[in-house]
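Student: Starting from these lines, generate the structure:
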Amino acid sequence: MKIEIQQYKSIVFDCDGVVLDSNVLKTEAYFRTAKNLGASDTEAQALVDYHVRLGGISRYHKFDYYLREILQKPATKEAIQVLLDEFGRELEVGLMQCEMAAGLEALRAITPNAQWSILSGGDQQELRKLFANRHIDHLFDGGIFGSPDNKDEVLARKKSNGNLQFPALYIGDSKYDYEAATRAGLDFIFLSNWTEVADWHDFCSSNKIEVLGCISDLLAA
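Tutor: As a prediction, this is how the structure comes out:
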C-alpha cells in the first residue's frame, strides 16, 4: 500500500522507538530505579515486565502499579515522586546520547502544511527540555505532549479545541499507540525497527496495520 503522507493535515509521533531509539534505555532505567531504591531483582524485573507489557503508558501509572501490586505498599504521591525523580536521573544522560531517527528533517520538508506533534508516555516537561536540547523541538509546531496526561486524554483535548485537524496520522510502535489512535479516529502506521512489542508482527497482521521499519521509510513509501 502506498502511503500518501502529504494528504495529512496533522501528524502525531510517539517518541520512544519512533523519534528516538530509547526503548531499551528506558527499560534498563526502570530496573535500575527499582534497584537503587532497595528492590530485589525479582521486584525490579516485575516492574520491567509490566513496563514492557504496557508500552506507551505513562510512568506515573507504572509506578503506581509497582507500589501497590508489586511492593504491596501505599501508592502515595510522595512515594511515586521519589520513583519519578530517580527514574529521571537515570534517563537524563542516555536520552541526550541515544540515536535519533534519520529522515526527520526531510520528512518535515515534504509535509510543510501538516501540523506535527509529539505524543508520548514520557514526562511532558522532560520531553520538552530534551527536544529543545537536541534541537528538534522546532519541527513539532503542534506541541510536545506527555504524562501525566495519557494519550487518550491529550488526543481528546486536541480534537475538542481544534488543534488536531483531519485527516490525521499517528506514527507509533506500541499496541497502546494503535489503540489510542483508533479511538480518536486517526490513521496509524506501526514502526517495527525499535519496538519492544515481541508479537508485533502478529498484532499488526491481525489488525491490518500498515508497518514500516523507521521514519526514513516514509520518504520512499
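Student: contacts for the longest helix anywhere in the chain?
Tutor: The residue-count maximum for a helix in the chain (DSSP state H) belongs to helix 77-97. Here helix 77-97 makes contact (CB atoms under 8 Å, 6 or more residues apart in numbering) with 20, 22, 25-26, 29-30, 32-33, 36-37, 59-60, 63-64, 66-67, 73, 123, 126, 130, 133-134. No exception for glycine: its C-beta is placed from N, CA and C like everyone else's.
Student: Give me the buried entries from these.
Tutor: 20, 22, 25-26, 29-30, 32-33, 59-60, 63-64, 66-67, 123, 126, 130 (16 or more other CB atoms under 10 Å).
Student: what is the mean pLDDT for the longest helix of the chain?
Tutor: Mean pLDDT, helix 77-97: 92.
Student: List the buried residues in that helix.
Tutor: Within helix 77-97, the residues scored as buried using 16+ other CB under 10 Å are Ala79, Ile80, Leu83, Leu84, Glu86, Phe87, Gly88, Glu90, Leu91, Leu95.
Student: can you put these in JSON lines and add distance to Thr195?
Tutor: Below are these laid out as JSON lines (distance: CB to CB, whole Å):
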{"residue": "Ala79", "distance to Thr195": "31"}
{"residue": "Ile80", "distance to Thr195": "27"}
{"residue": "Leu83", "distance to Thr195": "25"}
{"residue": "Leu84", "distance to Thr195": "24"}
{"residue": "Glu86", "distance to Thr195": "26"}
{"residue": "Phe87", "distance to Thr195": "21"}
{"residue": "Gly88", "distance to Thr195": "24"}
{"residue": "Glu90", "distance to Thr195": "21"}
{"residue": "Leu91", "distance to Thr195": "19"}
{"residue": "Leu95", "distance to Thr195": "18"}
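Student: and these, which two are the farthest apart?
Tutor: Across these, the longest distance by CB to CB is 24.1 Å; it joins Ala79 and Leu95.
Student: Just the element for the residue lying closest to Lys151 once chain neighbours are set aside, please.
Tutor: Distances taken as CB to CB, 6 or more residues apart in numbering place Ala180 nearest to Lys151, at 4.1 Å, with adjacent residues excluded. Assigned by DSSP states H and E, Ala180 belongs to helix 175-184.
Student: what ranges do the helices span in the protein?
Tutor: Going by DSSP H, the chain shows helices at 23-36, 41-53, 59-65, 77-97, 104-110, 124-133, 151-160, 175-184, 200-206.
Student: Of those helices, which is nearest Leu218?
Tutor: Taking CB to CB, helix 104-110 is the member of these nearest to Leu218, at 5.7 Å.
Student: Any buried residues in that closest one, and which?
Tutor: Leu104, Leu107, Arg108.
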